[in-house]
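K.L.:
Give me coordinates for this.
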Amino acid sequence: MNGKRAAIVLSVTLAFVSAAVWLSAADPSAQTQRDNLMKTFQAGNFKDAYEGLRKLALDPKDDPAKVGDDLTTAITCLQRLGRSDEIDDFREAVIEAHKTNWRLLETVAESYASNSMEHYGFIVAGKFYRGNKHGGGRYVGTMERDRSRALQLMQQALPLTAKENAKATLASFHLQFAQML
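P.N.:
Sure thing, here's the model as predicted:
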């Protein structure tokens, strides 16, 4: 009888330990998750990398210093997947989640102004699609629109930099803003 009781207690204890290990493995820290997603990205699995980075970037609790890198890598994933028409909606959703993070606003502005970005698209049934669109539509260039949006974001970020103490980072922001102008 005591042997059965000891076996039951041991079984229950092992079940709890197994559950704790499983839960800790299922919910890795954001940095561990980010590191794994970067390995996935470097291995060329852009779909899985994008899905994970999207979740990180859209999380308002994401590290304010790293959310910009999450966004940039996720945009690269979309470009490599040929899904450029999803980039604008993704960027704007990330801005909404982190609208008080001036570093993120600067990163998004840089992505709008980037030479690696497709500054054209097609209007189909009144909706704009960035990049190539099969099936026609009206071609439109977006260079000036993208530049204008980048300047809006930099202007939005400017008052948020007032609390910044890192002078070199602040100087870099102002130089970037001047270059965009």
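
K.L.:
And the pLDDT at D27?
P.N.:
With respect to pLDDT, D27 has a value of 46.

K.L.:
need the strands for the chain, in chain order.
P.N.:
120-124, 127-130, 138-141 (DSSP state E).

K.L.:
Next, format those strands as a markdown table and append mean neighbour count.
P.N.:
Just so you know, the C-beta spots here come from the backbone N, C-alpha and C atoms, and that holds for glycine as well. A markdown table is the format used below for these (neighbours: other C-beta atoms under 10 Å):
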| stretch | mean neighbour count |
| --- | --- |
| strand 120-124 | 17 |
| strand 127-130 | 17 |
| strand 138-141 | 11 |
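
K.L.:
Please identify which of the ones you listed is closest to A109.
P.N.:
Shortest distance between A109 and those, using C-beta to C-beta, is found for strand 127-130: 16.4 Å.

K.L.:
what is the mean pLDDT for the closest one?
P.N.:
Model confidence over strand 127-130 averages 90 on the pLDDT scale.

K.L.:
Give me the residues contacting that strand.
P.N.:
Under the criterion C-beta atoms under 8 Å, 6 or more residues apart in numbering, residues S84, D85, I87, D88, E118, Y120, G121, F122, I123, G137, V140, T142 lie in contact with strand 127-130.

K.L.:
Walk me through which strands that strand pairs with, and which way each runs.
P.N.:
strand 120-124 (antiparallel) (DSSP bridges).

K.L.:
A97: which of the strands of the chain is closest?
P.N.:
That would be, of those and by C-beta to C-beta, strand 127-130, which comes in at 20.5 Å.

K.L.:
Show me the residue sitting in the middle of this protein in space.
P.N.:
L71 (2.5 Å; C-alpha atoms, centre = their mean).

K.L.:
in the protein, which spans are helices?
P.N.:
Assigned by DSSP state H, the helices in the chain fall at 2-26, 30-42, 46-58, 67-80, 87-97, 102-113, 143-157, 167-180.

K.L.:
and the second one with helix 46-58, angle?
P.N.:
Yep, that's helix 30-42 we're talking about. Following axes from the mean of the first three to the mean of the last three C-alpha atoms, to 10 degrees, one obtains 150 degrees for the angle between helix 30-42 and helix 46-58.

K.L.:
Ok, the shortest one next?
P.N.:
Orientation note: helix 87-97 sits at an angle of 30 degrees relative to helix 46-58 (the same axes, to 10 degrees).

K.L.:
model confidence over helix 87-97, on average?
P.N.:
The pLDDT scores in helix 87-97 average 96.
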